[in-house]
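Trainee: based on what follows, work out the 3D shape:
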Amino acid sequence: HPSNLAALVLCAGVVWRGVIQCSSIQLRIRLRSVISDQFISYHFCFAFQAPRAVVETVPTMQALNVYAMENYGIGKKSALKAKDASVSQRQHRLKVAYESNGLRRVVEGVLLVHLHGHPHVLLLKENSVCRVQDNAAGPVATPADASQGPPNGTAASGVATVYTMPGGKIKSGEGEADGLARKLKHKLGPETQMLDFDFEVRPDLVLATYYRTHHFASTYYPYLPPHVSNAKEQRRLYVIPLPEKCSLAVPDDKKLMAVPLFELYQNPQKYGRVLASVPDLLSRFRLNLV
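Mentor: Residues are numbered from 1 along each chain as shown. Coordinates of the predicted model:
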């Protein structure tokens, strides 16, 4: 029967379509009728729509070369002069500076190396009597507040173990790139002229910006809260691509630590909220461990 024949040809056409990948099939069949003894011609034409190519959109990730820790020589240099002798003295200094100069601008560098096949961040570790890690919410207690106990991360003697990224406050009117390069050289640059090099600060490698809303608070926000009209401090992080080989010098009162990303991740109790967020922030880059 012609309808059965058409179904058979259609099935065959589907099979052929999958094998020979053609866009159409034309088939002519000449049959002889057993009733009239005449020949009847059938013309079948099957058209197939070519399958659409599935194009997967892969986001373009900026690549960063990260070199092995063993490529870098670590030396020592003279300790940096302390500006404050207590937490309360530091808070007073920041308040006076804000009233005179306005917003305090801080820039810090995220320096990456790899060790045992995993990225590490270079941090400065120090025992401080005037700073605490930025993980406490609300006002920070000073060592003099014995009834409230020592500040978060501070021993009973008033000395706190603090982890920081190299950098610091830049001068009024100074550009962030120039200011951070100056601070990095001050904190980690070798004193020997033949080993000296320039840190590369690139505007396209801004990692994050945080705000502090009170001189006596250790909490940094990645936004300006709606109830705050003016922040007291702006803190901006830059990824600093290190050269393949160089020498660094660490002040005597500090220790350079290579901290793995898995140690920083979701660990604000030890490193503070900003440092604990660095692994998340770095996920937008493709880190090439060279």
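
Trainee: how far is stretch 225-233 from where the chain is centred?
Mentor: 24 Å (Cα atoms, centre = their mean, to the nearest Å).

Trainee: over to stretch 243-263?
Mentor: 18 Å.

Trainee: that one spans what distance, first to last residue?
Mentor: Distance across stretch 243-263, first residue to last, is 24 Å (Cα to Cα, to the nearest Å).

Trainee: what does stretch 169-180 give?
Mentor: 9 Å.

Trainee: just checking, Asp84 touches Leu94?
Mentor: No. Counting by Cβ atoms under 8 Å, Asp84 does not reach Leu94; the two are 9.4 Å apart. Where C-beta positions appear, they are placed from N, C-alpha and C, glycine not excepted.

Trainee: which one of the two is surrounded by more residues?
Mentor: Neighbour count, other Cβ atoms under 10 Å: between Asp84 and Leu94, Leu94 has more, with 19 against 16.

Trainee: okay, now the unreliable bits of the stretch 151-290 of the chain?
Mentor: 151-158 (pLDDT under 70).

Trainee: show me the helices in it, by range?
Mentor: Using DSSP state H, counting those that start in this stretch, the helices of the stretch 151-290 of the chain run over residues 176-188, 261-264, 268-271, 273-276, 278-282.

Trainee: take those and write them to TSV, including mean neighbour count and distance to Leu237.
Mentor: Shown next, in TSV, are the helices of the stretch 151-290 of the chain (neighbours: other Cβ atoms under 10 Å; distance: least, Cβ to Cβ, whole Å):
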stretch	mean neighbour count	distance to Leu237
helix 176-188	20	10
helix 261-264	17	13
helix 268-271	17	14
helix 273-276	21	8
helix 278-282	17	7
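
Trainee: how about these, which one is nearest Val250?
Mentor: helix 176-188 (6.8 Å; Cβ to Cβ).

Trainee: remind me what that closest one packs against, helices and strands.
Mentor: strand 104-115, strand 167-169, strand 233-240, strand 246-251 (3 or more Cβ pairs under 8 Å, 6 or more residues apart in numbering; DSSP states H and E).

Trainee: could I get the average pLDDT for the first one?
Mentor: Model confidence over strand 104-115 averages 96 on the pLDDT scale.

Trainee: tell me the angle of that strand relative to strand 233-240?
Mentor: In terms of direction (axes from the mean of the first three to the mean of the last three Cα atoms, to 10 degrees), strand 104-115 departs from strand 233-240 by 30 degrees.

Trainee: tell me the buried residues in strand 104-115?
Mentor: Of the residues in strand 104-115, Arg104, Arg105, Val106, Val107, Glu108, Gly109, Val110, Leu111, Leu112, Val113, His114 count as buried by neighbour count, 16 or more other Cβ atoms under 10 Å.

Trainee: JSON lines for these, including distance to Pro251?
Mentor: Shown next, in JSON lines, are these (distance: Cβ to Cβ, whole Å):
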{"residue": "Arg104", "distance to Pro251": "22"}
{"residue": "Arg105", "distance to Pro251": "22"}
{"residue": "Val106", "distance to Pro251": "18"}
{"residue": "Val107", "distance to Pro251": "18"}
{"residue": "Glu108", "distance to Pro251": "16"}
{"residue": "Gly109", "distance to Pro251": "16"}
{"residue": "Val110", "distance to Pro251": "19"}
{"residue": "Leu111", "distance to Pro251": "16"}
{"residue": "Leu112", "distance to Pro251": "21"}
{"residue": "Val113", "distance to Pro251": "19"}
{"residue": "His114", "distance to Pro251": "25"}
